[in-house]
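*Asks:* Provided below for reference: sequence and predicted model.
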Amino acid sequence: MYTIKTLNQISQAGLSKLPEAEFHIDPEAARPEGIILRSFDMHSMELNDNLLGVARAGAGTNNIPIDKCTEMGIPVFNTPGANANAVKELVLAGLLVSSRRIINGAQWVQTLAGNENVEKAVEACKKQFIGPEIAGKTIGVIGLGAIGVLVANAALDLGMDVIGYDPFLTLEAAWHLSASVDKAETLEELVSKSDYITIHIPLNDKTRNTFDEKLFAVTKKGARLLNFARGGLVDNEALKDAIEKGIIARYITDFPDETLLGNENIIVLPHLGASTPESEENCAEMAAVELREYLRYGNIRNSVNFPGCIVPYSGKPRIAISHSNIVNMIGQLGAVFTKHHINIDKMVNNSKGELAYNIIVCDNLPENVNELVDDLYAIHSVKKVRVLNQEG
Ligand SMILES: NC(=O)c1ccc[n+]([C@@H]2O[C@H](COP(=O)([O-])OP(=O)(O)OC[C@H]3O[C@@H](n4cnc5c(N)ncnc54)[C@H](O)[C@@H]3O)[C@@H](O)[C@H]2O)c1
Ligand SMILES: O=C(O)[C@H](O)COP(=O)(O)O
């Protein structure tokens, strides 16, 4: 039985993928083997030494201490693309809201309550809410992953010219991206040409404050900036300065921060990008299945810190081992298997950066499995050893 701790409310559609006979869901668990979460900040959390896997029902993993997890041999999963449509739809709403003063206008109309001549007041004052159309304008999409591609293609359908910037564009994304999207060679080129700019990149040490004073200095005057990715991608002080100078006409973001409130050219939403029933179910299901397959079989799909590794279950026991990606590990592992007279049926060894991961399917297990495990842990740089024997 594995205990799974939920750190946020997780859709029942996802939790139902974890059969009660094998998995015990407990939001209060002190020593869970698995964690499922959304945006809960895990950085200040103590990680129990029996924790095996963490699944993020969503895209961004900046709320999870990835390096610490990798060091402890804990894979962190996310759910690529599972909430992309939900975010795309909100970005399209944001695009229109950033252009036309829809929210201000609607709020103003509410202030007319009790006014006997609402129609007259509306016609007299509506000009203060004028805003440009988006058709024929240029939008720059930064990051052409699951969300960026959908946004770029949808913007073309709305009659916009689209330029994109993504130095790490994947083949998968390229397949889905319309050929009509122009490529910007640099971020500076993109911001200098765009009437609308939308950000769809992860927040990490390299991308923090991507929008800083220097980038705003080369941004097209009057641009509208949309940030549905992460607050930390924009330096808020530089942003407010850019708004004052008229470089940014309007900023719309999904990431509230005290310093952004009370400015009529800044519209802040309460992190609603993935908050649709469809997206919450998609993400929860995908995360639960990823964690289930890892806990049951050691199989890894969609991990941000571990290599993918899938070996279909054949009924035989298997040993999953993670270790540093260095020379002579296979030789040392093989020697331990030989010592314990284990015949290997199948072995898959994959690596990602500094980490390697093996699934070794065995024809037999020794009588003293604990001794085998101790010998594997005795190999320098082995992080985690799991013996998975469904037959018990
Ligand atoms: N508002 C929300 O509720 C919400 C929902 C989902 C995702 N997000 C955020 O959006 C981000 C993107 O989500 P996604 O599903 O499209 O992820 P993704 O991994 O599919 O796409 C990210 C893309 O950014 C590109 N990229 C990385 N660094 C870059 C850089 N420096 N310059 C340009 N491109 C760069 C990558 O190559 C990749 O193509 C997530 O990391 C998350 O922070 C927010
Ligand atoms: O990165 C994500 O997937 C989004 O920011 C969604 O976060 P949420 O699951 O907390 O809504």
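*Replies:* In hand now; what should we look at? Numbering: from 1, shown residues only. Ligands and ions are numbered 1, 2, ... in the order given.
*Asks:* With adjacent residues omitted, what lies nearest to the closest residue to ligand 1 within the chain?
*Replies:* When scored by CB to the nearest ligand atom, the chain has Gly145 as its residue closest to ligand 1, at 1.7 Å. C-betas here are computed from N, CA, C, even on glycine. Spatial nearest neighbour of Gly145, excluding adjacent residues (CB to CB, 6 or more residues apart in numbering): Ala173 at 5.9 Å.
*Asks:* which parts of the helix or strand containing the one you found are buried?
*Replies:* Ala173 belongs to helix 171-176 when elements are defined using DSSP states H and E. Judged by neighbour count (16 or more other CB atoms under 10 Å), helix 171-176 contains these buried residues: Ala173.
*Asks:* same for it, what does it pack against?
*Replies:* helix 146-157 (3 or more CB pairs under 8 Å, 6 or more residues apart in numbering; DSSP states H and E).
*Asks:* is ligand 2 contacted by the helix it packs on?
*Replies:* No - on the criterion CB under 6 Å from any ligand atom, helix 146-157 is out of touch with ligand 2, staying 9.3 Å away.
*Asks:* next structured bit after that helix?
*Replies:* strand 161-165.
*Asks:* Name the residues that touch that next one?
*Replies:* 136-144, 148, 152, 155-156, 177-178, 180-184, 186-187, 189-190, 193-194 (CB atoms under 8 Å, 6 or more residues apart in numbering).
*Asks:* In helices, which of these fall?
*Replies:* Using DSSP state H, the members of the contacts of strand 161-165 that fall in helices are Gly148, Ala152, Ala155, Leu156, Leu187, Glu189, Leu190, Lys193.
*Asks:* any chance you could map the strands in the stretch 251-392 of the chain?
*Replies:* 266-268, 318-324, 344-352, 355-362, 382-388 (DSSP state E, counting those that start in this stretch).
*Asks:* out of those strands, which comes closest to ligand 2?
*Replies:* Among the strands of the stretch 251-392 of the chain, strand 266-268 comes nearest to ligand 2, with 14.6 Å by CB to the nearest ligand atom.
*Asks:* on that earlier part again, contacts made by the helix holding Ala173 with the rest, please.
*Replies:* For helix 171-176, contacts defined as CB under 8 Å, 6+ apart pick out Leu144, Gly145, Ala146, Gly148, Val149, Asn153, Asp166.
*Asks:* Tell me if stretch 231-248 is near ligand 1.
*Replies:* No - figure legend: stretch 231-248 not in contact with ligand 1 (CB under 6 Å from any ligand atom); closest approach 8.4 Å.
*Asks:* other SSEs contacting the helix or strand where Ala106 lies?
*Replies:* Assessed by DSSP H and E, Ala106 sits inside helix 102-110. On a contact count with 3+ CB pairs under 8 Å, 6+ apart, helix 102-110 meets helix 118-125.
*Asks:* contacts for the helix it packs on?
*Replies:* With CB under 8 Å, 6+ apart as the criterion, helix 118-125 contacts Trp108, Val109, Leu112, Asn115.
*Asks:* Not counting its neighbours along the chain, what's nearest the second one?
*Replies:* Read it as Val109. Val122 (6.9 Å).
*Asks:* Does Met1 touch Glu22 like I think?
*Replies:* Yes - shown here, Met1 and Glu22 form a contact pair, counting by CB atoms under 8 Å, at 6.4 Å.
*Asks:* so what's His43 up against?
*Replies:* His43 touches Asn63, Ile64, Pro65, counting by CB under 8 Å, 6+ apart.
*Asks:* before we move on, the earlier item: now the strands of the stretch 251-392 of the chain in CSV, please, with extra columns for mean neighbour count and distance to Gly334.
*Replies:* Converted to CSV, the strands of the stretch 251-392 of the chain look like this (neighbours: other CB atoms under 10 Å; distance: least, CB to CB, whole Å):
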stretch, mean neighbour count, distance to Gly334
strand 266-268, 19, 57
strand 318-324, 23, 12
strand 344-352, 16, 8
strand 355-362, 22, 10
strand 382-388, 18, 13
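*Asks:* Next, the residue nearest to the spatial centre of the chain: secondary structure please.
*Replies:* By CA atoms, centre = their mean, the mean C-alpha position of the chain lies nearest to Ala59, the distance being 1.8 Å. Judged by DSSP: H, G, I helix; E, B strand; the rest coil, the three-state class of Ala59 is coil.
*Asks:* from what I can see it touches Asn78, true?
*Replies:* Yes - Ala59 is in contact with Asn78 according to CB under 8 Å; the separation is 5.9 Å.
*Asks:* So which bits of the top helix by length along the chain are buried?
*Replies:* Using DSSP H, we find that the single longest helix of the chain is helix 277-297. Neighbour-count burial for helix 277-297, counted by 16+ other CB under 10 Å, picks out 279-295, 297.
*Asks:* quick one, that helix and strand 318-324 angle?
*Replies:* Interaxial angle of helix 277-297 relative to strand 318-324 (axes from the mean of the first three to the mean of the last three CA atoms, to 10 degrees): 100 degrees.
*Asks:* average model confidence for helix 277-297?
*Replies:* Averaged across helix 277-297, the pLDDT comes to 98.
*Asks:* now do stretch 211-231
*Replies:* Averaged over stretch 211-231, pLDDT sits at 98.
*Asks:* So for that stretch, first residue to last residue, what's the gap.
*Replies:* Start and end residues of stretch 211-231 are separated by 10 Å (CA to CA, to the nearest Å).
*Asks:* about what we covered before: between Met1 and Glu22, which has more neighbouring residues?
*Replies:* Glu22 (12 against 8; other CB atoms under 10 Å).
*Asks:* and that one, how far is that from Asp212?
*Replies:* 49 Å (CB to CB, to the nearest Å).
*Asks:* Next one, pLDDT for Asn389 please.
*Replies:* 86.
*Asks:* Tell me how many other residues surround it.
*Replies:* Other residues close to Asn389 by other CB under 10 Å number 12.
*Asks:* How about Ser16?
*Replies:* 12.
*Asks:* burial count for Tyr2?
*Replies:* The burial count for Tyr2: 17, using other CB under 10 Å.
*Asks:* so what's it bridging to?
*Replies:* Using DSSP bridges, the bridge partners assigned to Tyr2 are Phe23.
*Asks:* for the residue in the stretch 101-250 of the chain that ligand 2 sits nearest to, what are its contacts?
*Replies:* Per CB to the nearest ligand atom, Arg230 is where the stretch 101-250 of the chain lies closest to ligand 2, at 7.5 Å. Residues near Arg230 by CB under 8 Å, 6+ apart: Gly60, Asn62, Pro202, Leu203, Phe255.
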